[in-house]
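*Asks:* Here is a sequence with its predicted model. Questions after.
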Amino acid sequence: MTGIELKRTRESYLTGSESSELHTVDIWRPDSVPFGQEGEGLWLIYMHGGAWRDPEVDSLSFEPAVTLLWDSSARDSIAGFASINYRLSPYPSHPRRPSSPADPARNAHYPDHLQDVEKALLFLEDQYQISGRYLLAGHSAGATLAFELHNNSSSRLPVPLGVLGIAGIYDFESFLKAHSGIPAYKEFMENAFPDRSLWEKAAPYTNRESDFAVWEHSKAVIIAHSEEDQLVEKEQASLMLQRARLNPHYKEKVHYLQASGNHDEIWGSGHILAGLITKSLRILGSEI
Ligand SMILES: N[C@@H](CC(=O)c1ccccc1NC=O)C(=O)O
């Protein structure tokens, strides 16, 4: 193992008057890259969860896993890590950091979160040419975002090598039904997606605009869930697996990984998240 250190920087993917502190991406790169190896290696790109609203779950929730992966044998195949912030939906009842109606970074609604993440990926493509050489991983609401990304006439997003969804929310109607006794679920879902007529299009399980989804162009789709998850039920993962396998040509590219730990333990110490990423890299067949 070499003594190359990782260096973290925070970059803005949006400039001008619309830019906010959540239009940022944390980037970890080696402080020196051996001559001739620039532009090589994989990028591991992460999108955090937090129900589209929690100000205490942000891009830095990837840092424990980044440290562990950099200290593992995966290091040799990694060019860099990125973790994306995106605007959040209102959370005026948050006990420590309530949102203010005047804060443009914390009054987002669908599709704002998604459009921010798209801008971040285009920024990363422009800066680091990530297309075809990145794993896109998302946790919870971040997994929803990973599977919502679509190309249309106006966007040409970089194609990921693989997509890893962990503890994701993929079918909004059954998700709400499963938690109908808990008002917070309805609150954060309607907060993030206030126009219910758009739910079918917005939720990855119900969206059937086949072939436009970014995940459908990747080499592998990996769905992970933990039996110990106390916040998101496994049914969500099962539905997304079914959805992903609808395309007969895609069937063998769809994988399930059993995760461990409760909902936030997955990223908390970094061990579980790093393990899922390592397994995903193996599935993608990289030399580690
Ligand atoms: N910490 C969040 C809750 C949260 O993240 C969450 C709760 C239930 C099911 C999924 C969740 N997160 C998904 O991104 C909050 O305070 O709203």
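*Replies:* Done, it's in. Just so it is clear, the structure is predicted and the values come from calculations on it, not from any experiment.
*Asks:* can you map out the strands along the stretch 51-200 of the chain?
*Replies:* 78-84, 134-139, 162-166 (DSSP state E, counting those that start in this stretch).
*Asks:* export the ones you listed to a markdown table and tack on mean pLDDT?
*Replies:* A markdown table is the format used below for the strands of the stretch 51-200 of the chain (pLDDT from 0 to 100):
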| stretch | mean pLDDT |
| --- | --- |
| strand 78-84 | 98 |
| strand 134-139 | 98 |
| strand 162-166 | 98 |
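*Asks:* Tell me which of those lies nearest to the ligand.
*Replies:* The ligand sits nearest to strand 134-139 of all the strands of the stretch 51-200 of the chain, at 7.0 Å, using C-beta to the nearest ligand atom. In this view, the C-beta of every residue, glycine as well, is placed from N, C-alpha and C.
*Asks:* rewinding a little: need the strands of the stretch 51-200 of the chain in a markdown table with mean neighbour count and distance to the ligand, can you?
*Replies:* Formatted as a markdown table, the strands of the stretch 51-200 of the chain follow (neighbours: other C-beta atoms under 10 Å; distance: least, C-beta to the nearest ligand atom, whole Å):
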| stretch | mean neighbour count | distance to the ligand |
| --- | --- | --- |
| strand 78-84 | 25 | 14 |
| strand 134-139 | 28 | 7 |
| strand 162-166 | 29 | 10 |
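*Asks:* Out of those, the one nearest S12 is which?
*Replies:* Closest approach to S12 among the strands of the stretch 51-200 of the chain is made by strand 78-84 (11.9 Å; C-beta to C-beta).
*Asks:* Distance from that closest one to the middle of the chain?
*Replies:* Centroid separation for strand 78-84 versus its chain: 12 Å, with C-alpha atoms, centre = their mean, to the nearest Å.
*Asks:* residues in the chain within reach of the ligand, list them.
*Replies:* With C-beta under 6 Å from any ligand atom as the criterion, the chain meets the ligand at residues G49, G50, A51, R53, D54, S140, A141, F188, L231, V232.
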